[in-house]
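Chemist: Here's my sequence, what's the structure:
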Amino acid sequence: MLLVRAPLISICVPSYNSAHWLGDLIERVQRQSYGNFELLIVDDCSTDATAAVVNRYCQQDPRVRYRCNQHNLGAVGNAEACTQEASGEYLTILQSDDRYIRDDFLEHAVATMAQHPAVLLFYTGVWFINAQDERIKYSCYESDFVLPGKEALKLMMLRGSLWPSTALFRHQAFKAVGGFRKDVGVGQDLFCSYKLALRGEVAYWATATVEARLHASSVTVLSGKGLYVEFAKVLQRFRDEEGDLDGLQAAFESRATAMVDNYLHLQHNGYLVPRVDALLQKWQMDGATVVIYGAGQHTRELLANTRLATATVIALSDSDASLHGQQRWGYRIIAPEEIAASGASVVLISSAFHQVVIDALLRSLLPPQITITPLYLDEKA
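Modeler: Modelled structure (predicted):
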């Protein structure tokens, strides 16, 4: 992929006690086919060997820069401070415990944004890994897209899957919407992305370019449900600042509810596999025939990461009429109104984000002898 010119990319790495990961992170950045970058590592007063590790690379490669804060700013403050060091035309945040897995990530991102000047935000799929570097979850849409910002924002609300280490921003646009703001809190990356989406186009590459670690000391795992409560507050603040957005109210409300009530699957804490195995055991005993409600990326992830595909699945269903009659992953997609005549005895709702609404819809359409089973139980159940 050839570019007429090679604008500078600022790769911002806010870091705290990440010496054991930074060598691999830096070397993977150095392997990028796109070489015009500055790698900015801002250390939040680490007590480990971060300075020694990074300075070795700084001496060998002038593109690698290191700065240590005068005092500890915390994860939110350090992310803001790190982006303020950036001077590139493009900017990306790379979490210190994440790493690139595609050497052409930056090249593809810049080429896409050069081809589409209205694109302010580019992002991709992601692999989640554990502390042992084992892949535990794949998150990726079905296909590439370039969408008007409002349409892309609705997709972000309904489907999620924006991981900050996969995102590339136009720096001037990033600054124009306020960049990362510590007053917003832990959701400052999403807050900024949503604001950018309203002001231009959004591009997506349906390829995993990053491995993101979820481990005992990661923000996601440490924060637990509190993290998603904070994200719900971010959504409300976004709506307060941007005003009423026609056509997006339901999507925002769904996302806010999901972040508060359905978070177990995002922490990879052993919920999904035991839950699916328990359902499979019951279905086998009952001789169940299953329709999975949901024909998007979450269902694909379930089929890839659990034993759900070993059930007697006769079809997928979805409310998106454009999918009806298509085939995905070896299953036909039917309308909800067709489930009753499909021969299904069970409908599994695969979505965590809309299961209450979907459950109500299905109960209005289906006879009582068809069992409707939400995959995600209420945490108090």
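
Chemist: quick one: the helices in the stretch 151-300 of the chain?
Modeler: Secondary structure of the stretch 151-300 of the chain (DSSP state H, counting those that start in this stretch): helices at 171-176, 188-197, 219-223, 225-242, 249-261, 264-267, 272-286, 297-305.

Chemist: Would you single out the least confident of the ones you listed?
Modeler: Lowest mean pLDDT within the helices of the stretch 151-300 of the chain: helix 264-267, a mean of 44.

Chemist: Distance of the closest residue to Tyr331 other than its chain neighbours relative to Arg328?
Modeler: Residue nearest to Tyr331 in three dimensions, not counting chain neighbours: Leu316, with 4.8 Å by Cβ to Cβ, 6 or more residues apart in numbering. For the C-beta atoms, the positions are set from N, CA and C on the backbone; glycine is no exception. Using Cβ to Cβ, to the nearest Å, Leu316 is found at 6 Å from Arg328.

Chemist: Look at the two and report which has more neighbours.
Modeler: Taking other Cβ atoms under 10 Å, Leu316 and Arg328 do not tie; Leu316 has more neighbours (24 against 16).

Chemist: Provide the secondary structure category for that one.
Modeler: Here Leu316 is strand, with the state taken from DSSP: H, G, I helix; E, B strand; the rest coil.

Chemist: What separation do you get for it and Pro336?
Modeler: 11 Å.

Chemist: Quick check: neighbours shared by these two?
Modeler: Shared contacts of Leu316 and Pro336, defined by Cβ atoms under 8 Å, 6 or more residues apart in numbering, comprise Tyr293.

Chemist: residues contacting Ser46?
Modeler: 15-19, 68.

Chemist: What of Ile136?
Modeler: Ile136 neighbours (Cβ under 8 Å, 6+ apart): 128-130, 214, 268, 305.

Chemist: so it sits in a strand?
Modeler: Yes - assessed by three-state DSSP, Ile136 belongs to a strand.

Chemist: Mind pulling up the pLDDT for the closest residue to Ser351 other than its chain neighbours?
Modeler: In this structure, Ser351 finds its nearest non-sequential neighbour in Gly294, 4.9 Å apart by Cβ to Cβ, 6+ apart. In the predicted model, Gly294 carries a pLDDT score of 91.

Chemist: Tell me the backbone dihedrals of Gly294, please.
Modeler: Recorded main-chain torsions at Gly294 are phi 120, psi 120, according to degrees, to the nearest 10.
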